[in-house]
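> turn this into a structure:
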Amino acid sequence: MDVLTGTGLAASAGLNAYVPLLVLGLLDRFTQAVDLGPGSAWLSETWVLVLLAVLLAVEVVADKVPVVDSLNDLLQTFVRPTSGGIVFGSAATAQTAGGGTAADPAALLSSPAWVPVAVGVVVALVVHVTKTVSRPAANTLTAGAAAPVASTVEDVSAVTLSLVAVFLPLLVVVVLAAVAVLLFLLYRRLRRGRRPGPAPGRPRGGTAQRPR
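Take a look at the predicted model:
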């Protein structure tokens, strides 16, 4: 359960660095669903929550503007994997509604304590690179129309993944697969929508005949 929770949170961080951090912090601060423990309790501090909320607002706006979204992705190359490492490491030692408490962080996967953090970095980095590479291509094919639509889907997916990872970790794999399929279908539909139709006065099946 700890691994599934950490994977879902890290994947969410690959889409949006601040969503899983804010979700963990808010749930720890205001509910009994998450107990981060002393090692990660700083996530629920007031100043941290306010800072994360401001950064999230900036990210949500910037990611919906063509060109700006690609620049933002470049800046997030270090932020998102770092966030993934933090949330995976926190999940390894936290008590959540959908899982248990790792009595010894070093026991996770029978590895040293840094391993969960490294795994979270890798998971978030893979998702981030996929997003960073696909977004410019989608923007080019759709003349920028893909940016706000894809960004909204990614934001909703990040929130969903974070909540599922905490409350229903067994569904993390299903949600990850659904998000991948949804984004693929979205990009394909946007690409088809931008394909030019046949020129006026020219038949679809061949070249127009010049009158004699």
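> helices of this protein, residue ranges please.
Applying DSSP state H to the chain gives helices spanning 2-15, 18-30, 46-62, 68-75, 79-93, 114-141, 146-167, 172-193.
> out of the ones you listed, flag the one nearest residue 40.
Distance to residue 40, taken as C-beta to C-beta, is lowest for helix 79-93 among the helices of the chain, at 4.1 Å. The C-beta positions use only the backbone N, C-alpha and C, and glycine is treated the same way.
> which residues sit against that closest one?
Helix 79-93 has contacts (C-beta atoms under 8 Å, 6 or more residues apart in numbering) with 2, 5-7, 9-14, 16-18, 20-21, 24, 36-37, 39-40, 43, 99, 101-102, 105, 108, 113, 116-125, 127-128, 165.
> what's the mean pLDDT across that helix?
For helix 79-93, the mean per-residue pLDDT is 90.
> that one vs helix 68-75, what angle?
60 degrees (axes from the mean of the first three to the mean of the last three C-alpha atoms, to 10 degrees).
> and helix 79-93, how far out from the chain middle?
Distance, stretch centre to chain centre, for helix 79-93: 13 Å (C-alpha atoms, centre = their mean, to the nearest Å).
> residues of stretch 29-36 that come out buried?
For stretch 29-36, the neighbour count (16 or more other C-beta atoms under 10 Å) marks 29, 33-36 as buried.
> meant to ask about stretch 61-79, not that
Within stretch 61-79, the residues that count as buried by 16+ other C-beta under 10 Å are 62-64, 66, 69, 72-73, 76, 79.
> check stretch 76-91 too.
Buried-residue list, stretch 76-91, by 16+ other C-beta under 10 Å: 76, 79-91.
> on that earlier part again, of the contacts of helix 79-93, buried ones?
2, 5-7, 9-14, 16-18, 20-21, 24, 36, 40, 43, 99, 102, 105, 108, 113, 116-117, 119-125, 127-128, 165.
> so where is this protein shaky, pLDDT-wise?
Confidence mapping of the chain against pLDDT under 70 gives the ranges 95-113, 190-212.
> now with 50, please.
100-111, 197, 199 (pLDDT under 50).
> tabulate the buried residues of stretch 61-79 (CSV), appending distance to residue 178.
Formatted as CSV, the buried residues of stretch 61-79 follow (distance: C-beta to C-beta, whole Å):
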residue, distance to residue 178
62, 26
63, 21
64, 22
66, 26
69, 23
72, 25
73, 23
76, 23
79, 25
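> residue 19 reaches residue 162, doesn't it?
Yes. With contact defined as C-beta atoms under 8 Å, residue 19 reaches residue 162; the gap is 5.7 Å.
> overlap of the contact sets of the two?
Common contacts of residue 19 and residue 162, defined by C-beta under 8 Å, 6+ apart, comprise residue 12.
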